[in-house]
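Participant: Predicted model follows, preceded by the sequence.
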Amino acid sequence: MPIPHTDVMPAIEFDTLPASPDPDQPPVDDLLLPVDELPESASAPDAVCRRVRDELMLDGNARLNLATFVTTWMEPQAQQLMAETAEKNLADRAEYPQITAMEERCVRMLARLWHAPRPELVRGCSTTGSSEAAMLGGLALKRRWQERRRAQGKDATRPNLVMGANVQVCWKKFANYFEVEPRYVPMEPGRYHLTPDTLTAYCDDNTIGVVTVLGSTFDGSYEPVADICMALDGYQAATGTDIPVHVDGASGAMVAPFLDPGLMWDFQLERVASINTSGHKYGHVFPGLGWALWRDADALPDDLVFEVDYLGGRSPSFTLNFSRPGAHVVAQYYSFLRYGFEGLRNLAARNRTTARALATRIRTISPYELVTDGSELPAFAFRLAPGTPGFTVFDVSHAMRARGWHLPAYTFPTPCQDISVLRLVVRTGFTASLAGMFIADLTEVTRQLAEPCSGLDTGPVARRT
């Protein structure tokens with residue numbers, strides 16, 4: 001068979017299009033406003049890139065975002081690896097077996113880090129973030145409960161899940177999307193997360209599990225997982241009802257193993273069936289990457305696992321999402337190899353040291369009071385002293401935004417809705433010089449807001465340099 005002539009193919013760079021030769025078409029530079037409909041023709045790539053980049057300049061500086069827990073800084077080598085693997089589909093395990101192997105190695109590393117009795121039996125996977133990982137954990141709890149109830153000949157149509165009112169919104173989504181009654185244990189003044197003394201009153205035979213949070217997004221505090229498990233042990237002894245625990249370790253599961261080795265919260269506790277974490281938080285990977293791990297095969301029912309073969313080969317799938325880039329798994333593997341246990345401990349320690357130093361300094365700025373001090377997650381909440389006249393934490397947040405800082409202000413859930421706080425998260429990349437600039441700006445903003453109010457001393461003014 002003769003080889004066809006190749007000179008009939010357009011001599012353009014692979015998968016790119018030339019700009020339209022129509023002289024009547026206005027240049028991209030003339031289109032100053034964002035468009036919300038598809039252009040009629042192609043444009044030069046450099047011009048479009050410049051235009052998109054110009055618009056993105058209006059977004060905030062990620063390094064100054066003190067609201068988010070997600071990673072905003074990675075080493076250039078990690079970023080390069082992500083760029084090199086962004087096109088590789090993690091779901092295509094037969095085509096990209098090494099990325100699959102890296103994912104499995106990360107699961108084993110986390111299983112050992114979280115003291116699984118038999119790491120080789122742990123089932124786990126990467127996810128698009130902790131929200132997906134949490135929903136997978138919730139689904140496994142629900143399915144295990146349904147199977148147990150049906151085997152007992154009992155009704156399996158009214159599942160409920162017990163958790164503190166401080167849980168992240170993903171758990172509210174889970175309850176809504178998957179038809180599980182959420183039972184929120186309310187906060188109380190001075191108690192802003194789930195504790196064992198308030199827990200069992202919300203449990204019954206229809207409780208599929210209890211969610212504990214290792215690192216509350218409200219104030220950075222750890223919930224006492226071991227004490228909660230002990231309370232459920234007592235509940236089982238009294239009622240015969242065995243209620244498993246899921247640990248939402250979105251942030252804390254990548255902090256506590258390195259800084260709080262004596263803390264009992266993970267698979268050392270037999271009642272802990274599953275754990276999720278965010279690789280894109282203190283796992284030092286750009287968003288979005290999560291991890292979900294189950295103690296063993298019994299904790300993850302087989303009917304939630306699907307065998308996929310249409311991409312070539314056979315591989316198990318038990319995520320809500322399917323196709324996604326393998327880049328984040330590669331970056332996580334790089335992070336684990338790059339830092340090791342000691343390096344990850346040093347990064348976490350540096351963040352916590354900075355958080356506690358900031359909390360100590362803010363305590364000296366009147367009229368602020370600490371709610372937490374950064375001694376658990378490297379994050380803490382603070383508020384205005386009750387009765388502070390003239391301005392609110394929302395005014396402080398707004399004024400700090402004008403200086404480039406995103407310092408979130410929010411109100412606690414009922415019945416603590418009279419408590420409004422500011423929360424500050426310290427992440428890798430938040431340097432001592434940035435911390436100094438933040439304190440200078442907070443001091444100055446507070447002084448300016450307090451000026452109309454007589455007698456309010458904001459302490460010595462730190463000057464931003």
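Facilitator: Now that the structure is in, tell me what you want to look at.

Participant: Point out the other helices and strands that the host helix or strand of Gln236 packs with.
Facilitator: Using DSSP states H and E, Gln236 maps to helix 225-239. Here helix 225-239 touches strand 207-213, strand 245-248, going by 3 or more C-beta pairs under 8 Å, 6 or more residues apart in numbering; DSSP states H and E. (Each C-beta comes from the backbone N, C-alpha and C, glycine too.)

Participant: quick one: buried residues of it?
Facilitator: Val225, Ala226, Asp227, Ile228, Cys229, Ala231, Leu232, Tyr235 (16 or more other C-beta atoms under 10 Å).

Participant: show me what contacts the residue nearest to the fourth one when sequence neighbours are not counted?
Facilitator: With sequence-adjacent residues excluded and distances taken as C-beta to C-beta, 6 or more residues apart in numbering, Ile228 is closest to Pro196, at 5.1 Å. If you count contacts by C-beta atoms under 8 Å, 6 or more residues apart in numbering, Pro196 has them with Pro224, Asp227, Ile228, Met230, Ala231.

Participant: Give me the distance between Pro196 and Met109.
Facilitator: According to C-beta to C-beta, to the nearest Å, Pro196 and Met109 sit 31 Å apart.

Participant: continuing past the helix-or-strand element of the chain with minimal mean pLDDT, what's the next helix or strand?
Facilitator: Within the chain, no helix or strand scores below strand 315-317, which has a mean of 64 by mean pLDDT, DSSP states H and E. Going down the chain from strand 315-317, the next helix or strand is helix 327-363, by DSSP H and E.

Participant: Quick check: buried residues in that next one?
Facilitator: Quick answer for helix 327-363 (16+ other C-beta under 10 Å): 327-336, 344-345, 347-348, 350-352, 354-356, 358-359, 361-362.

Participant: again, but for stretch 98-114
Facilitator: By neighbour count with 16+ other C-beta under 10 Å, stretch 98-114 contains the buried residues Ile99, Thr100, Met102, Glu103, Cys106, Val107, Met109, Leu110, Ala111, Leu113, Trp114.

Participant: Mind checking which of the residues you listed land in helices?
Facilitator: Among those, the members found in helices (DSSP state H) are Ile99, Thr100, Met102, Glu103, Cys106, Val107, Met109, Leu110, Ala111, Leu113.

Participant: Please convert the residues you listed to CSV, extending it with distance to Asn160 and pLDDT.
Facilitator: Listed next are these as CSV, based on distance: C-beta to C-beta, whole Å; pLDDT from 0 to 100:
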residue, distance to Asn160, pLDDT
Ile99, 39, 91
Thr100, 37, 90
Met102, 38, 95
Glu103, 33, 94
Cys106, 33, 97
Val107, 30, 97
Met109, 34, 98
Leu110, 29, 98
Ala111, 29, 98
Leu113, 31, 98
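
Participant: Quick one: these as TSV, columns for distance to Glu40 too.
Facilitator: Output for those, formatted as TSV (distance: C-beta to C-beta, whole Å):
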residue	distance to Glu40
Ile99	39
Thr100	43
Met102	44
Glu103	43
Cys106	46
Val107	49
Met109	51
Leu110	50
Ala111	54
Leu113	54
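
Participant: quick one: which of these is nearest to Ile243?
Facilitator: Ala111 (23.0 Å; C-beta to C-beta).

Participant: low-scoring pLDDT stretches of the stretch 1-150 of the chain, where are they?
Facilitator: 1-34 (pLDDT under 70).

Participant: quick one, strands of it?
Facilitator: 123-127 (DSSP state E, counting those that start in this stretch).

Participant: ranges for the helices of it?
Facilitator: Secondary structure of the stretch 1-150 of the chain by DSSP state H, counting those that start in this stretch: the helices cover 45-56, 76-85, 97-113, 130-151.

Participant: Could you check the angle the last one makes with strand 207-213?
Facilitator: Yep, that's helix 130-151 we're talking about. 160 degrees (axes from the mean of the first three to the mean of the last three C-alpha atoms, to 10 degrees).

Participant: Ok, the shortest one next?
Facilitator: Between the axis of helix 76-85 and that of strand 207-213 there is an angle of 140 degrees, by the same axes, to 10 degrees.

Participant: Equivalent analysis for the third one, please.
Facilitator: Per the same axes, to 10 degrees, the angle that helix 97-113 makes with strand 207-213 is 90 degrees.

Participant: Quick one: low-confidence residue ranges for the stretch 301-450 of the chain.
Facilitator: Those would be 306-317, if you go by pLDDT under 70 across the stretch 301-450 of the chain.

Participant: So the residue nearest to Ile228 versus Gly129, what's the distance?
Facilitator: Distance from Pro196 to Gly129, by C-beta to C-beta: 29 Å.
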